[in-house]
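1. how would this look folded up:
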Amino acid sequence: MVDPPQPQDPLHDPITDVAVEAPGVDEEAVVPWSMLLRRRATGPAETGSGSGRPWLVTWTVLFGAFWVSSTITILAVSRPEIAQDLGASVESLVWLISGPTIAVALTGTTAGKLGDLHGHRRVYLIGMVGATVFVALTALAWSGPSLIAFRVLGATIGAATGPSSLALINRMFTPERRSRALGFWSLVVAGGPVVGLVAGGPLVEAFGWRVIFAVQAPLLAVATVVAFVVLPETGRRRDVHFDVPGQLWLTVTLGGLLFGIDRAAAWGLTNPWTIGFFLLVPVGFLSFLARERRAEHPLIPLHWFARRSFSVPVGVSFFMQFGYMGGFILTPLLLEQVRDLPADVVALIMVPRPLTFAIAGPLAGFMVGRVSARSTIIAGSASLSLSMVVFALVAEDPTTAVVVLALTLSGIGVGAAQPAIASSVANSVPNRDLGIAGATQQLVSQVGTTLGMNVLEAVESVSRDGRAPGGSYSVAYAVGAVVAGAGVVLSLFMTRGRDAEPAPDHHP
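-> Purely as a prediction, here's the structure:
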C-alpha cells in the first residue's frame, strides 16, 4: 500500500498516483457520456482528497483517452485510399502507424515525470489541446510527408494524456480499489481503435479518409473542455528537477532499438543504417545507467528494480505484450493464407479476442481483493502462453473452433492480468513518483509490443522453406509460447500481500 503524505506537506501533488498500461488494440467500448457527466459517487473520494466524485473524474479522462486512440486502426486499413488521394506510396505511409508508435514510446517517460513535477491536470490538458490541434491539421494535410508529420507530432504531445489520465484516476481510489478503475481503463483505451475502425470504415468509404479526423477533432475539443471543468487542480513540486541528460540517453537507447527493429524488417539486418541503429542501444543504455547512478534527481530511480513488487510486474508486462501482440499480427495472416478466408470472415472469427478482453478486464478489476494480484497475473500469463501453444499445435490445420478457443484464452488472460499489473506497479512506489513509475511500465510494454510483432512475423517469414502450409506459423507461435512462458515463470516471483508495500524512498 502507498503511504499517504502528511497533510502539511506543501510540495505534495494530490494527483500523482499513476500506473500506465497500454493493452492490446482491439477492445470495443461504448461510453454513454451524457449519463456519465451526471453521475456522482455516493461518498467522498476514496483517498480523502475531498473531491467527492472519483468516478466522474475517471470517466472524464477516459472519454478523452478514448478519442485520442480511436483512429490508429482505421489508418492501418485506409493506407491505399490515402496514398492515392495524396499521390504517395503505400509503403511510405507505414510511418502513419510506426511513427506515432515510436513517438509514444520515446515521450512516455517525459510526460510521466513532468506530470509528477508540474501536476498531471496541467500535463493532461496540454496533451489534449495538442492532440486536438494536430488532428485538425491532419484533416487538412496536403501530402504524404505533411500527413506523417502531423500524425507524429500529434502522437508526441498526445502521449502526455496516458500517464496523466492514470495519475488522475489512481488518486481517486485507495490502492485496494484501483484495479476496478484500471479494468475500465484497459477496456476504454483498447476500445478506441476498434470503435474507430467500426465507425470509421463506412465513413471513409462514403466520404473519404479526411472525414475521420474532421469528426475526431471536435470530439477531442469537447473532451478537453469537459476535462478543464471537471478535473481537480494539482500542485507542483519545486524540490526536484527534471533529469534532462537521463532523458536524452534513454531516448538514444530507445530510438536505436525501436528504429532498428522497424527498419530491419524493411532494409534487412545487414543494412548499415540498421546496424548503426542497433549500435546506439548499448552506448545509450550504459550512459543512461551511469547518469542515473550519479544523478541527484534521477529520471527513473534504479533502486526500484531491486523491489520485486515493481520489477516483476514490469517484466511480466514485457513478456505478455510480446506474446499478445505477436499473436495479433500472426493470426489474421494464418487464417488468410492457410485457410484462404476472406477479410470479412477473418474479422468475424477474431471477435472473441476483443470480446473476452473487454469482459475480463473490468471483472478482474473487481475481483482484486478476493483473488490476489499475484494469482491473477500468474493465471493470466499462463492463459496467454497456453493460447500460443494451441496455435502452434494446430497452425497447419487451424479449424475455426480451435482458433476461437485460442483467441478466447488470449483475450481472457491479458484482459484479466492487465489491471493487476498496473495496480501492482502503482502500489509499489511512493505517491510522489508514481507518474514516472507508470510511464516506465508503459515503456517496457511498448518495447515488448514492438519486438513481439516484428520478431514473430520475421520468424514466420524465415521458416517457410521446406515446410507445409502453416508450418512456419507453428514455429512462430512456438517462439511466442516460449516468451510468454517466461512471463509465467517470472510472475511466480511476485511478492505476496503486504510484501508489496513500497520500501522507504531515500531519494528527494
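2. list the contacts for the nearest residue to V283 once chain neighbours are set aside?
-> Using C-beta to C-beta, 6 or more residues apart in numbering and skipping the chain neighbours, the partner closest in space to V283 is V252 (7.2 Å). Just so you know, the C-beta spots here come from the backbone N, C-alpha and C atoms, and that holds for glycine as well. V252 makes contacts with L280, V283, G284, S287, F288, as judged by C-beta atoms under 8 Å, 6 or more residues apart in numbering.
3. quick one, which of these are buried?
-> Buried members of the contacts of V252, counted by 16 or more other C-beta atoms under 10 Å: L280, G284, S287, F288.
4. next, the buried residues of the helix or strand hosting F228.
-> Per DSSP states H and E: F228 is located in helix 210-230. Using 16+ other C-beta under 10 Å as the test for burial, helix 210-230 gives 210, 212-217, 219-221, 223-224, 226-227, 230.
5. same deal with stretch 136-145?
-> Buried, per 16+ other C-beta under 10 Å, within stretch 136-145: A136, L137, T138, A139, A141, G144.
6. ok, now which ones touch the closest residue to the fourth one other than its chain neighbours?
-> Put plainly, it is A139. In space, not counting the residues next to it along the chain, A139 is nearest to F213; the distance is 3.8 Å by C-beta to C-beta, 6+ apart. Residues near F213 by C-beta under 8 Å, 6+ apart: T71, V135, A136, T138, A139.
7. same check on V390?
-> Going by C-beta under 8 Å, 6+ apart, V390 touches V402, L405, A406, L409.
8. show me where pLDDT drops low in the stretch 151-300 of the chain?
-> For the stretch 151-300 of the chain, applying pLDDT under 70 flags the ranges 189-204, 235, 239.
9. related to what we said a few turns ago, okay if I get the buried residues of stretch 136-145 as TSV plus distance to R496 and secondary structure?
-> Converted to TSV, the buried residues of stretch 136-145 look like this (distance: C-beta to C-beta, whole Å; DSSP: H, G, I helix; E, B strand; the rest coil):
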residue	distance to R496	secondary structure
A136	50	helix
L137	50	helix
T138	48	helix
A139	51	helix
A141	52	coil
G144	53	helix
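10. of those residues, which is the nearest to F493?
-> T138 (44.3 Å; C-beta to C-beta).
11. wouldn't that closest one be in contact with R151 here?
-> Yes - here T138 reaches R151: they are 6.1 Å apart, a contact under C-beta atoms under 8 Å.
12. for the stretch 301-450 of the chain, give me the ranges with low pLDDT.
-> Along the stretch 301-450 of the chain, segments meeting pLDDT under 70 span 344, 368-369.
13. can you list the neighbours in contact with stretch 452-461?
-> So stretch 452-461 is in contact with 261-262, 264-265, 321-330, 333, 472-473, 475-477, 479-480, 483, going by C-beta under 8 Å, 6+ apart.
14. now do stretch 257-272
-> Stretch 257-272 has contacts (C-beta under 8 Å, 6+ apart) with 98, 101-102, 105-106, 273-275, 277-278, 280-281, 447, 450-451, 454, 457-458.
15. isn't V389 up against V482?
-> No - in this structure, V389 is not within contact of V482 by C-beta under 8 Å, at 9.7 Å.
16. mind checking which of those two has more residues around it?
-> V389 (19 against 15; other C-beta atoms under 10 Å).
17. just confirm that one is within a helix.
-> Yes - with DSSP: H, G, I helix; E, B strand; the rest coil as the criterion, V389 is part of a helix.
18. which strand or helix spans the residue nearest to it when sequence neighbours are not counted?
-> Spatial nearest neighbour of V389, excluding adjacent residues (C-beta to C-beta, 6+ apart): A481 at 4.8 Å. Per DSSP H and E: A481 is located in helix 471-491.
19. buried ones in that helix?
-> 471-481, 483-488, 490-491.
20. contacts for it?
-> With contacts defined as C-beta under 8 Å, 6+ apart, helix 471-491 is touched by 312, 315-316, 318-320, 322-324, 326-327, 330, 333-334, 338, 374, 377-378, 381-382, 384-385, 388-389, 391-393, 395-396, 452, 455-457, 459-461, 463-464, 467.
21. just the buried ones from these?
-> 312, 315-316, 318-320, 322-324, 326-327, 330, 334, 338, 374, 377-378, 381-382, 384-385, 388-389, 391-393, 395-396, 452, 455-456, 459-460, 463.
22. show me where the stretch 151-300 of the chain has helices.
-> 161-171, 178-207, 210-230, 244-267, 272-294 (DSSP state H, counting those that start in this stretch).
23. so how many other residues sit close to R294?
-> For R294, the count of nearby residues is 7 (other C-beta under 10 Å).
24. what ranges do the helices span in the stretch 1-150 of the chain?
-> Counting by DSSP H, counting those that start in this stretch, one finds helices in the stretch 1-150 of the chain at the ranges 33-38, 54-68, 72-77, 79-86, 95-118, 120-139, 144-158.
25. next, format these as CSV and append distance to L434.
-> As requested, these are exported to CSV (distance: least, C-beta to C-beta, whole Å):
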stretch, distance to L434
helix 33-38, 25
helix 54-68, 15
helix 72-77, 26
helix 79-86, 38
helix 95-118, 7
helix 120-139, 10
helix 144-158, 21
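26. so which of the ones you listed gets nearest L363?
-> helix 54-68 (17.1 Å).
27. packing partners for the closest one?
-> With contacts taken as 3 or more C-beta pairs under 8 Å, 6 or more residues apart in numbering; DSSP states H and E, helix 54-68 sits against helix 33-38, helix 120-139, helix 161-171, helix 178-207, helix 210-230.
28. tilt between the second one and helix 95-118?
-> Orientation check (axes from the mean of the first three to the mean of the last three C-alpha atoms, to 10 degrees): helix 120-139 against helix 95-118 gives 160 degrees.
29. helix 120-139 - contacts with which helices or strands?
-> Contacts defined by 3+ C-beta pairs under 8 Å, 6+ apart place helix 120-139 against helix 54-68, helix 95-118, helix 144-158, helix 161-171, helix 210-230.
30. restricting to C-alpha, output the second one in PDB.
-> This means helix 95-118. Backbone C-alpha positions of helix 95-118 (Å, rounded to 0.1, in the frame of the first residue of the first chain) are rendered in PDB as follows:
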ATOM      1  CA  TRP A  95       5.000   5.700 -40.900                       C
ATOM      2  CA  LEU A  96       1.400   6.700 -40.100                       C
ATOM      3  CA  ILE A  97       1.500   3.600 -37.800                       C
ATOM      4  CA  SER A  98       5.100   3.100 -36.800                       C
ATOM      5  CA  GLY A  99       5.900   6.800 -36.400                       C
ATOM      6  CA  PRO A 100       3.300   7.600 -33.700                       C
ATOM      7  CA  THR A 101       4.100   4.200 -32.000                       C
ATOM      8  CA  ILE A 102       7.700   5.100 -31.700                       C
ATOM      9  CA  ALA A 103       6.900   8.700 -30.700                       C
ATOM     10  CA  VAL A 104       4.700   7.500 -27.800                       C
ATOM     11  CA  ALA A 105       7.400   5.100 -26.600                       C
ATOM     12  CA  LEU A 106      10.000   7.800 -26.600                       C
ATOM     13  CA  THR A 107       8.000  10.500 -24.900                       C
ATOM     14  CA  GLY A 108       6.100   8.500 -22.300                       C
ATOM     15  CA  THR A 109       8.700   8.900 -19.600                       C
ATOM     16  CA  THR A 110       8.900  12.600 -20.200                       C
ATOM     17  CA  ALA A 111       5.200  13.000 -19.800                       C
ATOM     18  CA  GLY A 112       5.100  10.900 -16.600                       C
ATOM     19  CA  LYS A 113       7.900  12.800 -15.000                       C
ATOM     20  CA  LEU A 114       6.600  16.200 -16.000                       C
ATOM     21  CA  GLY A 115       3.300  15.300 -14.500                       C
ATOM     22  CA  ASP A 116       4.900  14.300 -11.200                       C
ATOM     23  CA  LEU A 117       6.700  17.600 -11.100                       C
ATOM     24  CA  HIS A 118       4.200  20.100 -12.500                       C
END
